[in-house]
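>>> next come a sequence and a model predicted from it.
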Amino acid sequence: MSTPSSAPSEMQFFSTLIRYGSFSATARELNVTTPAISKRLSLMEARLGVQLLVRTTRRISLTPEGEIYLEHSRRILADIDDMEKLVTRAVAAPKGLLRVNATLGFGRSNIAPLISQFAKRHPEVQFQLQLTVNPPPLSEDTCDVCIRFGEPPDARVIARRIASNRRLLCASPAYLARHAAPQVPNDLTRHNCVGIRQGDEAYGIWHLTSAKRTETVKVRGSLSTNDGEIAVNWALAGHGILMRAEWDIAKYLKSGRLRQVLENWQTPPADIYAVYPQRHHTAARVRAFVDYIVDAFATGTTSQLKHS
C-alpha cells in the first residue's frame, strides 16, 4: 500500500479526534460539521482497509488497529514537528503550547509561580497547567512536561532531577506532650498517624531505613485525606504524626510548630524530577522551561520552602 501525500493530515485529524473524544467536539474544534468528521474517518478506514474506531451513540473507542495507528501517528507527527523546527531554526526561540503537569500542593505553591515568571520572559509560549494527585502516563499524551516526586519507572523518558527532597516524620509539640515520641518505628503502631492517600504507594504502609536495616510499619489514624496541605494543617492542630515532604513542612520545623521524630530513620527517596518524552528533547519550549526550573531551584529563586 502506497502512502498518500495526505497521510500527515490524516494522522493529525485522527489524533485530534481521539483527543476530543467525540465527533461533535472534534467538529467544533475544526469548525466543520459532525457528518464531515464521520465521512473523513470512513474514507481513512476505507483506504487502510481496517476499522480504527468502535462507534456508539455516546462515545468512541479505539480498536487494536486504531491503537497502533494512534501510537505511530503521534510519534511521526512529533518527529515532523521537531524536524521542521530544526530546519527553520525555530528551535532557538521558545514558543508554542506547553502542557505541564504537577502534583496539587507542589504545583500550586512552586510550579505555578515559576510558570508565571517564565511566561513573562517568553510571551510566545502558551501554558496549560494541570494539577493532579498522581502523575499521568506520558504515553497518554496529556502533558509535555511532568513534575513528579521520585524517579519515573519508565526508562524511555528523560528525567532531569530538579531538587533533592526527603519525606520526614513530624508532629506538633502539643501532640508529643500528650503522647511519648516514638523511639523505634514499631512505636508508630501505638500512635494516631495522619494519612495521605496519594500516588501508587500502599496506603498506611510506611517504610523506614536506618543504616542497612529496613522496617515496614502498618500505621493507623482517625484522619486521612488526598490533599497534603490539609494533612499538614491537621498535624499542626495536634491530631497525630505525619509523613510529609521536607519542602512542605520545613518552615514549620524551623519555627517549632512541628517537631521531627525518628530523625535517624529515612523514608524512601522522593527527589523532584522534570520528566518528558524523548521526542521533546529538541523542543525549545521544553528545554528552556526545564532549564529554568532546574536553575530556579539550584539558585533558590523559586518559592521553594515558601509554601501555602
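Happy to help now that I have it.
>>> use CA for all of it now, contacts and neighbours both
Will do.
>>> just the element for I147, please.
Secondary structure from DSSP states H and E places I147 in strand 145-149.
>>> relative to the helix or strand just after that strand, what are the paired strands and their orientations?
On the C-terminal side of strand 145-149, the nearest following helix or strand under DSSP H and E is strand 157-163. Here strand 157-163 is paired, per DSSP bridges, with strand 272-277 (antiparallel).
>>> now stretch 284-294: mean pLDDT?
Stretch 284-294 shows a mean pLDDT of 90.
>>> for that stretch, C-alpha coordinates in PDB please.
Taking C-alpha atoms only, stretch 284-294 is exported to PDB below (Å, rounded to 0.1, in the frame of the first residue of the first chain):
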ATOM      1  CA  ALA A 284      12.900  24.700  22.600                       C
ATOM      2  CA  ARG A 285       9.900  25.400  24.900                       C
ATOM      3  CA  VAL A 286      10.500  22.200  26.800                       C
ATOM      4  CA  ARG A 287      14.300  22.500  27.100                       C
ATOM      5  CA  ALA A 288      14.100  26.200  28.100                       C
ATOM      6  CA  PHE A 289      11.400  25.600  30.700                       C
ATOM      7  CA  VAL A 290      13.100  22.600  32.300                       C
ATOM      8  CA  ASP A 291      16.400  24.500  32.300                       C
ATOM      9  CA  TYR A 292      14.600  27.400  34.000                       C
ATOM     10  CA  ILE A 293      13.000  25.400  36.800                       C
ATOM     11  CA  VAL A 294      16.200  23.500  37.500                       C
END
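>>> show me what the strand holding I147 is packed up against.
Under the contact definition 3 or more CA pairs under 8 Å, 6 or more residues apart in numbering; DSSP states H and E, strand 145-149 sits against strand 96-103, strand 272-277.
>>> contacts for it?
With CA atoms under 8 Å, 6 or more residues apart in numbering as the test, strand 145-149 has contacts from 98-103, 135, 270-277, 286.
>>> of these, which pair is most distant in space?
L98 and A270 (25.0 Å; CA to CA).
>>> thinking again about what came up before, winner for burial among the helices and strands packed on strand 145-149?
strand 272-277 (a mean of 22; mean count of other CA atoms under 10 Å).
>>> so that one versus strand 96-103, what angle?
130 degrees (axes from the mean of the first three to the mean of the last three CA atoms, to 10 degrees).
>>> pick out the residue closest to the middle of the chain.
P135 (3.4 Å; CA atoms, centre = their mean).
>>> adding mean pLDDT, write the helices and strands packed on strand 145-149 out as JSON lines.
Formatted as JSON lines, the helices and strands packed on strand 145-149 follow (pLDDT from 0 to 100):
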{"stretch": "strand 96-103", "mean pLDDT": "91"}
{"stretch": "strand 272-277", "mean pLDDT": "89"}
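>>> closest one to R160 among those strands?
strand 272-277 (5.2 Å).
>>> for that closest one, give me every contacting residue.
Residues outside strand 272-277 that contact it (CA under 8 Å, 6+ apart) are 138, 144-152, 156-165, 290.
>>> what's the ChimeraX syntax to select whichever of the residues you listed are buried?
ChimeraX command restricting the contacts of strand 272-277 to the buried ones, with burial defined by 16 or more other CA atoms under 10 Å:
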select :138,144,145,146,147,148,149,150,151,152,157,158,159,160,161,162,163,165,290
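>>> wait, D82 touches A283, no?
Yes - using CA atoms under 8 Å, D82 is in contact with A283, at 6.6 Å.
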